[in-house]
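S.K.: predicted model, plus sequence, below.
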Amino acid sequence: AGSVPTATVERERAIVTEQIAADPKMAGKPAEMITKIADGKLNAFFKEQTLLAQAFVKDGGKSVADYIKSVDADVKVTGFKRVALG
């Protein structure tokens, strides 16, 4: 999760864990498997919610972080704008 505050990570982990516990398909699954499923869901959440982990709009095969590294390793994102149409 990188620069995501610890409190946010813990809150999201609690939400994911609660969702998994409430899922009847997960009943009786080993704790290791549930932990891996929770980690996967958290990774997916943060990939979607953090700018640097999102797909770069002009090249969906790269993340924003990968694109920045390919252009210039010293580039730092200091801000961003969201544009919505319609």
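M.R.: Received the coordinates, thanks.

S.K.: in the chain, where is pLDDT below threshold?
M.R.: Where the chain drops to pLDDT under 70, the residues are 1-2.

S.K.: domain assignment for it?
M.R.: 1-49, 54-86 (automatic domain parsing).

S.K.: which of those sits most buried?
M.R.: Mean neighbours per residue, mean count of other CB atoms under 10 Å, is largest over the domains of the chain for domain 1-49, with a mean of 12. Where C-beta positions appear, they are placed from N, C-alpha and C, glycine not excepted.

S.K.: just give me how far the longest helix along the chain sits from the chain centre.
M.R.: As assigned by DSSP state H, the longest helix anywhere in the chain is helix 31-49. On the basis of CA atoms, centre = their mean, to the nearest Å, helix 31-49 sits 9 Å off its chain's mean C-alpha point.

S.K.: again with stretch 40-59
M.R.: 5 Å.

S.K.: for that stretch, which outside residues touch it?
M.R.: 1-4, 9, 12-13, 16, 19-20, 61-68, 77, 80 (CB atoms under 8 Å, 6 or more residues apart in numbering).

S.K.: CA atoms only for it, dumped as CSV, please.
M.R.: Extracted in CSV, the C-alpha atoms of stretch 40-59 (Å, rounded to 0.1, in the frame of the first residue of the first chain):
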residue,chain,number,x,y,z
GLY,A,40,-5.5,-10.2,-2.8
LYS,A,41,-8.6,-8.1,-2.3
LEU,A,42,-6.6,-5.4,-0.5
ASN,A,43,-4.0,-5.3,-3.3
ALA,A,44,-6.9,-4.9,-5.9
PHE,A,45,-8.4,-2.2,-3.8
PHE,A,46,-5.2,-0.2,-3.5
LYS,A,47,-4.4,-0.7,-7.2
GLU,A,48,-7.7,0.9,-8.0
GLN,A,49,-7.5,3.7,-5.4
THR,A,50,-3.9,4.9,-5.5
LEU,A,51,-2.8,7.0,-8.4
LEU,A,52,0.7,5.5,-9.0
ALA,A,53,-0.7,1.9,-9.1
GLN,A,54,-3.4,2.8,-11.6
ALA,A,55,-3.0,2.0,-15.3
PHE,A,56,-1.4,4.8,-17.3
VAL,A,57,-4.2,6.3,-19.5
LYS,A,58,-2.0,6.3,-22.7
ASP,A,59,-0.6,2.8,-22.2
